[in-house]
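**Student:** okay, here's the prediction I keep looking at, along with the sequence it came from:
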Amino acid sequence: MERLKRKIDNSRTWLPQPILREEEELEIGIIYYGSMENTIQEIDDILESTGMKVSQCRIRSLPLSPIAEKFVRDHETTIILEVNRDGQMYGILRKELPIELVPRVHSCAFSDGMPPRAMVYAEKIMDVLRNVGATTEVLA
């Protein structure tokens, strides 16, 4: 069993690494994957029009890369954005991350059977931030 654990841990640096786009203000980060790729820039534009700057991390493989863990560590609040009503990626990341980082991670999972629509997800992100008590400057 130890051999398999070492194999998984060592594979983290060999697998495709996350793609980051970070803002200078490291307050809010969004982790996404897969089908959100086409919608994330529009979501970012909508959030930016409200004055909110968010960093992005596109997960491309599991097990989780140390780069993704650092992304969560560097941001006060990280939102896991996924087209999945059950929040499966959120559950996986909570198990993969060190216990002290778990309270910083919040789920924004939604699916209505339609392709992801930027306005719907931008509103859901703002709702999550209000619920977790993000600073008023962010939500202004």
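**Tutor:** Done, it's in.

**Student:** quickly list what the closest residue to residue 81 other than its chain neighbours is bridged to.
**Tutor:** Excluding its sequence neighbours, the residue lying closest to residue 81 (CB to CB, 6 or more residues apart in numbering) is residue 32, at 4.4 Å. The way it works is simple: take the backbone N, C-alpha and C, and place the C-beta from them, glycine included. Beta bridges link residue 32 to residue 58, judged by DSSP bridges.

**Student:** identify the residues contacting residue 32.
**Tutor:** Contacts for residue 32 (CB atoms under 8 Å, 6 or more residues apart in numbering) come out as 40, 56, 57, 58, 59, 80, 81, 82.

**Student:** got a pLDDT number for the first one?
**Tutor:** In the prediction, the pLDDT value recorded for residue 40 is 94.

**Student:** contacts only, for it.
**Tutor:** Residue 40 neighbours (CB under 8 Å, 6+ apart): 30, 32, 56, 58, 81.

**Student:** again with the second one
**Tutor:** For residue 56, the residues meeting the contact criterion (CB under 8 Å, 6+ apart) are 20, 21, 22, 29, 30, 32, 40, 44.

**Student:** can you confirm it is in a helix?
**Tutor:** No. Secondary structure of residue 56 (DSSP: H, G, I helix; E, B strand; the rest coil): strand, not part of a helix.

**Student:** quick revisit: mind giving me the ChimeraX select for the contacts of residue 56, buried ones only?
**Tutor:** Here is the ChimeraX command that picks out the buried ones among the contacts of residue 56, judged by 16 or more other CB atoms under 10 Å:
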select :29,30,32,40,44
